[in-house]
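Participant: Need coordinates for the below:
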Amino acid sequence: MGTVLWTVIVLAVIGLAVVMFVISIYNGLVKLRNRYENAFSQIDVQLKRRHDLIPNLVETAKGYMKHEQETLTQVIEARNQAVSAQKNASANPGDPKSMKELMKAESGLNGALGRLLMIAEAYPDLKANENMLSLQEELTSTENKVAYARQGYNDSVTSYNTAREVFPAVMVAGMLGFNEAELLEIENPEERVAPKVSF
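Facilitator: Next comes the predicted model:
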C-alpha cells in the first residue's frame with residue numbers, strides 16, 4: 001500500500017509540475033501578445049491621424065488644381081481603402097490577412113499621395129499656401145511617427161513569435177491558440193522612404 005501511495009504522490013507532483021509549466025508558458029505568451037497588440041495601437045493612432053490629414057490636404061489642393069480631379073479622387077479612394085484596412089487590422093492585430101491588406105492599402109495610399117504632391121509642384125500658388133505648408137509639415141511628422149511605431153510593433157511581434165517558436169513553448173503554443181503574428185513591413189524598397197511633402 002505504501003508503494004502505491006508514493007506512486008500516486010509522485011504522479012500528482014509530476015502532473016502539477018506539468019500544469020504549472022503550461023500555465024507559465026501561457027502567461028508569458030499572453031504578456032507578449034498584449035505587448036504587440038499595444039504596439040499596434042500606437043500605429044493605429046498615427047495612421048488615424050494621417051488619414052484625417054489627407055482630406056484637408058485634398059481640400060486645400062482642390063482650389064488650385066481644378067484640372068487634376070482624377071488625382072484628387074484617387075487620393076481620397078486610396079485613403080478610404082486604407083481606413084477600412086486599418087479598422088480590420090485594429091480588430092485583430094497580428095492577423096496575417098489583415099496585416100497584408102493594411103500593407104497593400106497603405107502602399108496604395110503612399111503612391112496616390114506621392115502623385116498628388118508631385119503634381120502640386122506645378123502650382124506655385126499652392127506651394128506658397130500657408131494651410132498647405134502646415135498640412136505637409138504635419139503629414140511629414142506623422143509619417144515619421146508611423147515609422148517609429150511600426151518599428152516598435154515589429155520588435156514586439158518578433159519577440160512574441162520567437163517566444164512561441166522556441167522549445168518548450170512550441171509544443172503547446174498552437175494548442176493554446178497562440179498563432180504566429182504578422183510583421184507590418186513595407187514591400188517595395190522605394191516605399192521605405194516617407195513621401196516627400198515639401199514644396
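Participant: Name the surrounding residues that touch the worst-scoring helix or strand of the chain on mean pLDDT.
Facilitator: None of the helices or strands of the chain scores lower by mean pLDDT, DSSP states H and E than helix 124-128, at a mean of 73. Residues outside helix 124-128 that contact it (Cβ atoms under 8 Å, 6 or more residues apart in numbering) are T60, A61, Y64, M65, A120, E121, M132, F199. No exception for glycine: its C-beta is placed from N, CA and C like everyone else's.
Participant: what comes up buried for the helix or strand just after it?
Facilitator: Using DSSP states H and E, the helix or strand that follows helix 124-128 towards the C-terminus is helix 130-165. Using 16 or more other Cβ atoms under 10 Å as the test for burial, helix 130-165 gives 132-133, 135-136, 138-139, 142-143, 145-146, 149-150, 152-154, 156-157, 159-161, 163-164.
Participant: Hey, what's the angle from the longest helix seen in the chain to helix 130-165? Just curious.
Facilitator: Ordering each helix of the chain by length in residues (DSSP state H) puts helix 2-62 first. Counting by axes from the mean of the first three to the mean of the last three Cα atoms, to 10 degrees, helix 2-62 lies at 160 degrees to helix 130-165.
Participant: Need the distance between the two termini of stretch 120-128.
Facilitator: End-to-end distance of stretch 120-128 (Cα to Cα, to the nearest Å): 11 Å.
Participant: what separates it from the chain centre, distance-wise?
Facilitator: In terms of Cα atoms, centre = their mean, to the nearest Å, the centre of stretch 120-128 is set 33 Å apart from its chain centre.
Participant: And stretch 51-68, by the same measure?
Facilitator: So, by Cα atoms, centre = their mean, the centroid of stretch 51-68 is 26 Å from its chain's centroid.
Participant: what sits up against that stretch?
Facilitator: Residues from elsewhere that reach stretch 51-68, judged by Cβ under 8 Å, 6+ apart: 71-72, 75-76, 79, 82-83, 86, 109, 113, 116, 119-120, 123, 125-126, 129, 131-132, 135-136, 138-139, 142.
Participant: Drop anything exposed from the contacts of helix 124-128.
Facilitator: T60, A61, Y64, M65, A120, M132.
Participant: and the residues you listed as JSON lines, adding pLDDT and distance to S90?
Facilitator: Formatted as JSON lines, the buried ones among the contacts of helix 124-128 follow (pLDDT from 0 to 100; distance: Cβ to Cβ, whole Å):
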{"residue": "T60", "pLDDT": "81", "distance to S90": "28"}
{"residue": "A61", "pLDDT": "82", "distance to S90": "28"}
{"residue": "Y64", "pLDDT": "75", "distance to S90": "34"}
{"residue": "M65", "pLDDT": "74", "distance to S90": "32"}
{"residue": "A120", "pLDDT": "79", "distance to S90": "31"}
{"residue": "M132", "pLDDT": "79", "distance to S90": "30"}
